[in-house]
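Q: Structure for the following, please:
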Amino acid sequence: KNLYERYALYILFYSTGGPSWRIGNNWPSKTGSICLKTGIECSTNGSVIGLNLQNFGLHGTLPNEFFEWKSNQIATTPRVLLPDLQRLHIYEQNLAGIIPARIG
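A: Predicted coordinates for the structure are as follows:
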């Protein structure tokens, strides 16, 4: 589960100009808990439940894969990459894209 969450965060980071973010540009490290990254809120079991990205300087498009990943295998159903996400604070950014109803 944590691997999918980390993957979702990498997708978000690189599709929204992560290397040039004003805050939170420490996300891409391959080690350490994702729960210790700036702007990420986790539950007691380590699942991502909130993202507070206000004033990070995000720009670009929110990728569909950030919310749901589809395998190329025919029998595989879409997987929600951040199934426990309850809060997504991304206002005052320069973003495009659609936020699914279950989030937004």
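Q: Spell out the secondary structure type for residue 50.
A: What DSSP: H, G, I helix; E, B strand; the rest coil gives for residue 50 is strand.
Q: Can you tell me who it pairs with across the strands?
A: residue 41, residue 87 (DSSP bridges).
Q: Now for it: which residues touch it?
A: 40, 41, 85, 86, 87, 88, 89 (CB atoms under 8 Å, 6 or more residues apart in numbering). All C-beta spots, glycine's among them, are computed from the backbone N, C-alpha and C.
Q: neighbours around the third one, how many?
A: Okay, so that is residue 85. 21 (other CB atoms under 10 Å).
Q: Buried ones in stretch 18-25, by neighbour count?
A: Neighbour-count burial for stretch 18-25, counted by 16 or more other CB atoms under 10 Å, picks out 18, 21, 24.
Q: got the end-to-end distance for it?
A: Terminal residues of stretch 18-25 lie 6 Å apart, using CA to CA, to the nearest Å.
Q: Show residues contacting that stretch.
A: 12, 13, 27, 28, 37, 38, 39, 53, 55, 56, 57, 58.
Q: Do a quick rundown of the helices in the chain.
A: Secondary structure of the chain (DSSP state H): helices at 2-15, 64-67.
Q: For my notes, please list those in a markdown table and give mean neighbour count, mean pLDDT and distance to residue 45 for each entry.
A: Shown next, in a markdown table, are the helices of the chain (neighbours: other CB atoms under 10 Å; pLDDT from 0 to 100; distance: least, CB to CB, whole Å):
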| stretch | mean neighbour count | mean pLDDT | distance to residue 45 |
| --- | --- | --- | --- |
| helix 2-15 | 18 | 88 | 10 |
| helix 64-67 | 19 | 72 | 21 |
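Q: Tabulate these in a markdown table, adding columns for distance to residue 94.
A: Listed next are those as a markdown table, based on distance: least, CB to CB, whole Å:
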| stretch | distance to residue 94 |
| --- | --- |
| helix 2-15 | 13 |
| helix 64-67 | 16 |
